[in-house]
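Enquirer: here are the coordinates; sequence isn't available:
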C-alpha cells in the first residue's frame, strides 16, 4: 500500500487515498474500491511535457540517421514537446481511432509531477521539486520524423490518458529503477527499464529548467520508446509501472466513441 492522490470525475480537488498498485484498488474512509468501480478523472492539472529519445538504446538506434540531413548531428539537449489540454484523458476512457487512420502507437512513460516551481534547479536538489509519479499513455499516429513538430500526430483529442492516480514521491525510493510494461490484449508487447535513461530524472529536470520554468502541477514524461507497439480498433491497452499500478484504455472507432 502507498499514499496516492486521485481525482474523481468533475471534481477539481485531489483526494489522498491508500492505493494498492498490485490490484489497482484504493482505500478511502475505511472502504476499499476498485479503480474501475468509481468514475476517476485524470489526476494532473498542469502542462504535460514529453521527452523524446531519452532511452540509451533508442538514441543509439537513431545515431546513424541523426548524422544525415536534416539533423546533421545527434541532439545535445532534451527534445521536448507538449501534450495540450485536449489530449488529456483518464483510466478507462476510450482512445478514439481517427477515421482516416488504421493504427495508433502506444508510448508508455513514467510521468513526473512537479510539486513546486522549478527554475534553474541543481541536479542534486531536483527530487525536492517532485510531488509524485503517475502513468502516461502518450498516444500518437505513427510517424518517423524528429525534425518537425509532430502536432498532427500527437495532439488528437484524448491522445494522452494519465492515471489512475499520482503516487506520492516519498513512496518511490528510486524512480530511476522502475520497469514499464505495455500489454495489448493481455499480451506483453514492450518492456523498458528506467535505468537506461540517457538523462536520469534529476539530470533531466536540471537540464530543462536551465531554459524554462516548470510550474506546480506540470507533468514531465521521462521518455517513450521508439519501438512502441501499434494497436488497432478493439484492442485493450494496459500500461504497468512498478510501485504505481496500471493504466487501461480501449481503442474504439472515432464515430462510435465518446470523450468527457
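Expert: All right, it came through fine. Since we're looking at a predicted model, the values are computed, not measured.

Enquirer: ok, which stretches of the stretch 51-200 of the chain are strands?
Expert: 79-83, 88-89, 94-97, 104-114, 130-140, 160-168, 179-184, 187-193 (DSSP state E, counting those that start in this stretch).

Enquirer: Looking only at the last one, what residues are buried by neighbour count?
Expert: Read it as strand 187-193. Neighbour-count burial for strand 187-193, counted by 16 or more other CB atoms under 10 Å, picks out 189, 190, 192. In short, each C-beta sits where N, CA and C put it, glycine included.

Enquirer: for those, which one is nearest residue 27?
Expert: residue 192 (30.1 Å; CB to CB).

Enquirer: ok so, going back, mind checking which of the strands of the stretch 51-200 of the chain is nearest residue 209?
Expert: Among the strands of the stretch 51-200 of the chain, strand 104-114 sits nearest to residue 209 (CB to CB), with 9.7 Å.

Enquirer: and that closest one, what other elements does it pack with?
Expert: The contact analysis (3 or more CB pairs under 8 Å, 6 or more residues apart in numbering; DSSP states H and E) places strand 104-114 against strand 48-52, strand 130-140, strand 179-184, strand 187-193, strand 219-221, strand 230-231, strand 236-241.

Enquirer: What residues does residue 81 make contact with?
Expert: Residue 81 makes contacts with 49, 50, 52, 149, 150, 154, as judged by CB atoms under 8 Å, 6 or more residues apart in numbering.

Enquirer: Which of the residues you listed are buried, as a ChimeraX select command?
Expert: Written as a ChimeraX command, the selection of buried residues from the contacts of residue 81, which uses 16+ other CB under 10 Å, is:
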select :49,50,52,150,154
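
Enquirer: and which of the contacts of residue 81 is nearest to residue 127?
Expert: Ranked by distance to residue 127 (CB to CB), these are led by residue 49 at 17.7 Å.

Enquirer: For residue 18, which non-adjacent residue is closest in space?
Expert: Leaving out its chain neighbours, the residue that sits closest to residue 18 by CB to CB, 6 or more residues apart in numbering is residue 27, at 4.3 Å.

Enquirer: ok, now how distant is that neighbour from residue 217?
Expert: To residue 217, residue 27 is 25 Å away according to CB to CB, to the nearest Å.

Enquirer: per-stretch mean pLDDT over the strands of the stretch 51-200 of the chain, give me the minimum one.
Expert: Ranked by mean pLDDT, the strands of the stretch 51-200 of the chain end with strand 79-83 at the bottom, a mean of 89.
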